[in-house]
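Chemist: Predicted model and sequence below, questions to follow.
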Amino acid sequence: MAEFELLARQLIQRWKEDPNATYQSWFLWDERIKNFRSIRRGLAQVVAEIEAGRFGVAYRGSSLETVVHSVAEQRQIFKGADHAFLWKPKLRIPDIYENPANQRAFGRLLDHCACCDTAEEIIAGIHTIDRLNIKGLGPAVANLLYFLHPTLVPPFNTAIVNGYNKLTGGKVKLGSWQHFLAMRSGVLDLNERFRDLLSNDLGAIGGLLFDIGSGRYPAPPRDEEDQTLRSWAARLEQARAEAQTLNKALQKQGESDRTHSEIQAWLRDIGLALGYNIWIASNDRGRLHDGVRLGEGCLESLPTSISTSTGADAIRLIDVLWLEQGGDRVAAAFEVEHSTSIYSGIVRMLDLALSGSDLHATAGLFLVAPDARESEVRAQIARPAFNRIADLEIAYLPYGELERHKEAISRFGSGLKAIKAISRALP
């Protein structure tokens, strides 16, 4: 067992160094943390609509679809998370759309887990929903609960289950809450053993199990035969060699990340030229663009009236804010959506709308995205789940227009007039 632990530590260290692996490409991804609050707000809206009897009888177009899409587009580990919630009419699963009692039970589970603080309370909620035997509503729901309690509930999918079984020799099966709870207990034990290499956030070990289960990394052998150990070491070395060159998809993602920073830098520079104080999202301020920190020359902290407001956590994560000089009024807020889901940006705007802040009443709100994404932006903004967004008078600001006019706006512009002139009203 001591030998196994040594090999497992070697595996985890190699995995953390790999830019292709989920640790660097997802767990350390800024957008992962940025979307937590928005997804939680979205789940609260699902609960509110179920309690008020306004949820409806279909997944498509519902607030649940909006939230699940935001989860599913959190890069590799949650890809396909929406499959479990898609309505399968022939099987009539998951049976939370046409069965009002089951729908209310699902809402109560989300509400209970959102309000509780301990693992015991979460497990009690899971046992309650499990006793109802709702067809098709299994532990895939844990992917929602993870965003409510990332230190208490691990993510869950086929690859993670396979990775857990390979690493531990377990026999966990999909589709069973009891099997999920058994796996959760084992995951917590593993996480405790390797806490110095992993994290309190169970997304880290979830990512490790995902990469093992999807075949990217080999689980250490549980016997000590020389041939088995040599074979495992060779496979681990092969994974390390592959990590030296990013695959095309990750290269493209890297370019997208740089482009995101570039657009933030444009908006920062325009705002400074127009005489505004600039706030860069708190988790982006240290990013470099052309060798300069995005937060260079910008506010180090938000005015007290904003930092202590109800929606402060959401406001700090907005990509770029322009604030009036010498005051605390926000003139404009910009969310940049290049490679990330349009869902994510809109959900953050929804978070802002529901935050209790009066920011939306005083500021110009802009969703900044590539020209080619305009139809996608308009399609999503028109969804019933985003009906509150329509009240905010958000504008779509295309990259092309911003690039063509940024120099002229910086030199000759005044206030928001020029930015509004090159933006397009939504919806």
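Modeler: Ah, there it is.

Chemist: burial measure for residue 101, as a count.
Modeler: 11 (other Cβ atoms under 10 Å). Every residue, glycine included, has its C-beta placed from N, CA and C.

Chemist: Likewise for the one 5 residues further on?
Modeler: By the criterion of other Cβ under 10 Å, residue 106 has 26 neighbours.

Chemist: Just the element for it, please.
Modeler: Using DSSP states H and E, residue 106 falls within helix 100-115.

Chemist: go on, residue 331?
Modeler: strand 330-336.

Chemist: what's residue 214 sitting at in phi/psi?
Modeler: phi -90, psi 0 (degrees, to the nearest 10).

Chemist: which stretches of this structure have low pLDDT?
Modeler: 1, 223-229, 232, 236, 239-258, 339-341, 343-345, 347-362, 384-391, 427 (pLDDT under 70).

Chemist: Where do the strands of it begin and end?
Modeler: For the chain, strands defined by DSSP state E occupy the ranges 277-280, 288-289, 292-293, 320-323, 330-336, 364-369, 395-398, 424-425.

Chemist: Please tabulate those in CSV, including the columns distance to residue 238 and mean neighbour count.
Modeler: Converted to CSV, the strands of the chain look like this (distance: least, Cβ to Cβ, whole Å; neighbours: other Cβ atoms under 10 Å):
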stretch, distance to residue 238, mean neighbour count
strand 277-280, 40, 24
strand 288-289, 33, 15
strand 292-293, 38, 13
strand 320-323, 43, 25
strand 330-336, 38, 24
strand 364-369, 39, 23
strand 395-398, 44, 20
strand 424-425, 50, 12
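
Chemist: Residue 11 is nearest to which of those?
Modeler: The closest of the strands of the chain to residue 11 is strand 288-289. By Cβ to Cβ, the value is 31.4 Å.

Chemist: who wins for proximity to residue 67 among the strands of the chain?
Modeler: Across these, closest to residue 67 is strand 330-336 (Cβ to Cβ), at 17.5 Å.

Chemist: Give the pairing partners of the closest one; include direction for each.
Modeler: strand 320-323 (antiparallel), strand 364-369 (parallel) (DSSP bridges).

Chemist: So which of these is nearest residue 104?
Modeler: Per Cβ to Cβ, nearest to residue 104 of the strands paired with strand 330-336: strand 364-369, 34.1 Å.

Chemist: Report how many residues lie close to residue 131.
Modeler: With other Cβ under 10 Å as criterion, residue 131 counts 10.

Chemist: cool, and the one 4 residues further on?
Modeler: When neighbours are defined as other Cβ under 10 Å, residue 135 has 15 of them.

Chemist: List the contacts of it.
Modeler: 91, 92, 93, 94, 95 (Cβ atoms under 8 Å, 6 or more residues apart in numbering).

Chemist: pretty sure the fourth one contacts residue 68?
Modeler: No - Residue 94 sits out of contact with residue 68 when judged by Cβ atoms under 8 Å, with a separation of 11.3 Å.

Chemist: residues bridging contact with the two, i.e. touching both?
Modeler: residue 85.

Chemist: Mind checking which of the two has more residues around it?
Modeler: Taking neighbours as other Cβ under 10 Å, residue 94 and residue 68 compare with residue 68 leading, 27 against 23.

Chemist: Tell me the spacing between the more buried one and residue 111.
Modeler: 17 Å (Cβ to Cβ, to the nearest Å).

Chemist: do the same with residue 218
Modeler: Where residue 111 is concerned, residue 218 sits at a distance of 42 Å (Cβ to Cβ).

Chemist: Same check on residue 204?
Modeler: Taking Cβ to Cβ, one finds residue 204 at 28 Å from residue 111.

Chemist: okay, now residue 301: neighbour count?
Modeler: 10.

Chemist: Got the phi and psi for it?
Modeler: According to degrees, to the nearest 10, residue 301 has phi -150, psi 160.

Chemist: And for it, nearest residue in space, chain neighbours not counted?
Modeler: residue 307 (6.7 Å; Cβ to Cβ, 6 or more residues apart in numbering).

Chemist: what does residue 150 give?
Modeler: residue 201 (4.8 Å).

Chemist: The one you found and residue 267: what is the separation?
Modeler: 30 Å.

Chemist: One more: residue 89?
Modeler: 46 Å.

Chemist: Any idea how many residues pack against residue 372?
Modeler: 10.

Chemist: What is the burial count for the closest residue to residue 178 other than its chain neighbours?
Modeler: Of all residues not flanking residue 178 in the chain, residue 130 sits nearest, at 7.2 Å (Cβ to Cβ, 6+ apart). By other Cβ under 10 Å, 18 other residues sit near residue 130.

Chemist: Check residue 376 too.
Modeler: Counted with other Cβ under 10 Å, residue 376 comes out at 15.

Chemist: Setting aside sequence neighbours, what's the nearest residue to it?
Modeler: Per Cβ to Cβ, 6+ apart, closest to residue 376 is residue 342, 5.3 Å.

Chemist: correct me, but the one you found touches residue 373?
Modeler: Yes - if you go by Cβ under 8 Å, residue 342 and residue 373 touch, sitting 6.6 Å apart.

Chemist: between these two, which one's more packed in?
Modeler: residue 342 (20 against 17).

Chemist: Thought residue 74 was touching residue 32, still the case?
Modeler: Yes - when contacts are counted by Cβ under 8 Å, residue 32 is listed as touching residue 74 (6.3 Å).

Chemist: Overlap of the contact sets of those two?
Modeler: Contacts common to residue 32 and residue 74, judged by Cβ under 8 Å, 6+ apart, are residue 26.

Chemist: More neighbours: the two, which one.
Modeler: A count of neighbours by other Cβ under 10 Å puts residue 74 above the other of residue 32 and residue 74, at 23 against 19.

Chemist: out of the contacts of residue 135, who's nearest residue 182?
Modeler: Closest to residue 182, out of all of the contacts of residue 135 and judged by Cβ to Cβ, is residue 94, at 22.1 Å.
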